[in-house]
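Novice: Sequence and predicted structure below; questions after.
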Amino acid sequence: MHTTNALLKEKYFNRHLLWLNTNKKYKGSFQLQQIMRSLKFCISLLVLQALFNVFPTIEAVPAFCPGVFREYIGAEGKNVTFSDVPINPNIEFHFLLSFAIDYTNTKSPEPTNGDFLVYWDTDNLTPSHISSIKAKHKNVKVGMSLGGDTVNGKNATFTPTSITSWVRNAIHSITKIVKEYNLDAIDIDYEHFNADPDTFAECIGRLLYYLKQNNVVTYTSIAPYADDSVQVHYLALWRKYGHLIDYVNFQFYAYEKGTTILQFLHYFETQMYNYKGGKILVSFGTDNSGGLSPRHGFFDACSILKSRGTLHGIFIWSADDSIKDHFLYEKLSQNLLASATV
């Protein structure tokens, strides 16, 4: 119906153009040229209107992205599976397998200079489980996190022998794991360091560059927290290789317990300044850790960030702990992100 109306209007304008062109009063005048240009512009608009009505499936890209939800999973061996976790179809959802670590899997682990082994729950989080959850939920991506806090009770310390050898070993071992598990993302979560910030920045930066340049992974992230000895390493990495990092999974739950909404917002602004131009994801833990908890205003703070246009996403540590509450806060987090399109 709209197409017919537009075409009828086009015929109407064409008749007037013909009349103007043959009318002695206007023929050859500057006024005629101005009128004809205006009418032709109107006809162009009408034709475009007709085309858009003929092809109604052509839609504009939404101006606002609802953000990403990310969940660490598999670190504590509590038999949690991907299918246990509720998934909202209206947002992008990332599972982060925890962890792959470049340490020997022994009673007294030793660093392996970038030769990573899988330490997550391999009984319940297998390659076939990943294929299944991604087939069932098209909005789901799966990645792995490197490092973490401890390995078999010992600090998982970043200990490269040299930049070149660490990067070479890391590229080989990580690429192998990514292909075996069909992973989409990599997250950097080292929390202890036996190397200076520049060495850390070069090792991780070169690794991320290779993985992205060769399409091994699609998404990259880092997971710093507010500790000077930690931040100095990640900020060195960000300054030189920040353009390769998609998300900053900042561990806001590492702040003191009893954090208020105002304090949380201040911390967020501080990290936005530290990681300028980065997508800072807000977070909380379901393991009784610190920071601003959902029970004390986390989602209120998120609503404030959403109103400012700075809520890029939420992540939770971790699914292993959330199962006891039937993933209540995973549902609330995803609903909040999905509602951000309104």
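Specialist: Here it is on my side, so go on.
Novice: measure stretch 209-229 end to end?
Specialist: End-to-end distance for stretch 209-229, by Cα to Cα, to the nearest Å: 24 Å.
Novice: same deal with stretch 208-218?
Specialist: End-to-end distance (Cα to Cα), stretch 208-218: 10 Å.
Novice: avg pLDDT for it?
Specialist: Across stretch 208-218, the average pLDDT comes to 98.
Novice: Give me the buried positions along that stretch.
Specialist: 208, 210-212, 216-217 (16 or more other Cβ atoms under 10 Å). C-beta here means a position set from N, CA and C on the backbone, and glycine is covered the same way.
Novice: Low-confidence stretches in the stretch 1-150 of the chain?
Specialist: 1-65 (pLDDT under 70).
Novice: how about the helices of it, start to end?
Specialist: 2-22, 30-54, 127-136 (DSSP state H, counting those that start in this stretch).
Novice: Now do the shortest one: distance to the chain's middle.
Specialist: Helix 127-136 sits 20 Å away from the centroid of its parent chain (Cα atoms, centre = their mean, to the nearest Å).
Novice: Next: stretch 276-296.
Specialist: Distance of stretch 276-296 from its chain centroid, counting by Cα atoms, centre = their mean, is 15 Å.
Novice: what about it, how long is it end to end?
Specialist: End-to-end distance (Cα to Cα), stretch 276-296: 28 Å.
Novice: same thing with stretch 223-231?
Specialist: First residue to last in stretch 223-231 (Cα to Cα) measures 10 Å.
Novice: Which residues does it contact?
Specialist: Residues from elsewhere that reach stretch 223-231 (Cβ atoms under 8 Å, 6 or more residues apart in numbering): 145, 187-189, 191, 193, 234-235, 248-252, 254-255, 267, 271, 274.
Novice: Could I get the buried residues of stretch 208-218 in JSON lines, plus columns for distance to residue 329?
Specialist: Formatted as JSON lines, the buried residues of stretch 208-218 follow (distance: Cβ to Cβ, whole Å):
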{"residue": "208", "distance to residue 329": "30"}
{"residue": "210", "distance to residue 329": "36"}
{"residue": "211", "distance to residue 329": "31"}
{"residue": "212", "distance to residue 329": "32"}
{"residue": "216", "distance to residue 329": "32"}
{"residue": "217", "distance to residue 329": "27"}
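Novice: Give me the subset of the residues you listed lying in helices.
Specialist: Of the buried residues of stretch 208-218, the ones assigned to helices by DSSP state H are 208, 210-212.
Novice: can you list the domains in the protein?
Specialist: 2-54, 68-339 (automatic domain parsing).
Novice: so which of the ones you listed is the most packed in?
Specialist: Highest mean neighbour count among the domains of the chain (mean count of other Cβ atoms under 10 Å): domain 68-339, with a mean of 19.
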